[in-house]
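Visitor: have a look at this prediction, sequence included:
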Amino acid sequence: MTKDPAIAAHQLKQLLIDSSPLIEEYTSKVCPGCIEVCCRQKHGTYRETDRAYLRSLGEDVPPRDGSRPLEGPCELMGPKGCVHPRWMRPFKCTWFFCGPLLTALDEGPTKKARRVSAALQEMADLHAELLKTGFGK
């Protein structure tokens, strides 16, 4: 049975908040030594489902400049990473994991890697629930 979109959106937000420290533990180790910015403008583009998700939470979609090339660094990148909390980022951005980050997850403690995998699976399931409801159409 399909969940109410607002309930699924709030559950997804809470899951993103809860899993963010664990994901950021890995990104804080990998990203500072990176020689190429992985966070591209194309990953930070809000799709209609992202807009509907934010609206269901009573949030406005953050304004974007949009003048940067898609292959260039994301305009949301600040000195300490993305300027938005993970739950407010475009879903595609939240799901972007570069090769070095995946390697760090593979080489890290198994229990933590399983927690990240479980959180990602639950996020995918909730996002799929939102899509089933016609969320964003």
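Guide: Arrived safely.
Visitor: just want to check the distance between S56 and S117.
Guide: Distance, S56 to S117, using C-beta to C-beta, to the nearest Å: 26 Å. For every residue, glycine as well, the C-beta is placed using N, CA and C.
Visitor: neighbour-wise, which of these two wins?
Guide: Taking neighbours as other C-beta atoms under 10 Å, S56 and S117 compare with S56 leading, 20 against 11.
Visitor: which non-adjacent residue is nearest the residue most central in space within the chain?
Guide: Against the mean C-alpha coordinate of the chain, by C-alpha atoms, centre = their mean, the closest residue is T94 at 1.4 Å. Among residues not flanking T94 along the chain, R86 sits closest, at 5.9 Å (C-beta to C-beta, 6 or more residues apart in numbering).
Visitor: run through the residues that contact the one you found.
Guide: 16-17, 19-20, 23-24, 94 (C-beta atoms under 8 Å, 6 or more residues apart in numbering).
Visitor: just curious, which of those is nearest to E107?
Guide: Checking the contacts of R86 against E107 with C-beta to C-beta, the nearest one is I23 at 15.6 Å.
Visitor: I'd assumed V116 was in contact with that closest one.
Guide: Yes - between I23 and V116 there is a contact at 6.3 Å, judged by C-beta atoms under 8 Å.
Visitor: okay, strands next: where are they in this protein?
Guide: Using DSSP state E, the strands of the chain run over residues 77-78, 81-82.
Visitor: re the thing from before, which one (most neighbours) among the contacts of R86?
Guide: Greatest neighbour count in these, by other C-beta under 10 Å, goes to T94: 22 neighbours.
Visitor: any idea how far it is from P69?
Guide: Distance, T94 to P69, by C-beta to C-beta: 22 Å.
Visitor: what of A6?
Guide: 36 Å.
Visitor: the more surrounded of these two?
Guide: Using other C-beta under 10 Å, the more surrounded residue of A6 and P69 is A6, with 16 against 9.
Visitor: can you check which helix is longest in the chain?
Guide: If you go by DSSP state H, the chain has its longest helix at helix 5-30.
Visitor: list the contacts for the nearest residue to Y53 once chain neighbours are set aside?
Guide: Excluding the flanking residues, the one nearest Y53 by C-beta to C-beta, 6+ apart is A9, at 5.2 Å. Neighbour list for A9: 53, 56-57, 130, 135 [criterion: C-beta under 8 Å, 6+ apart].
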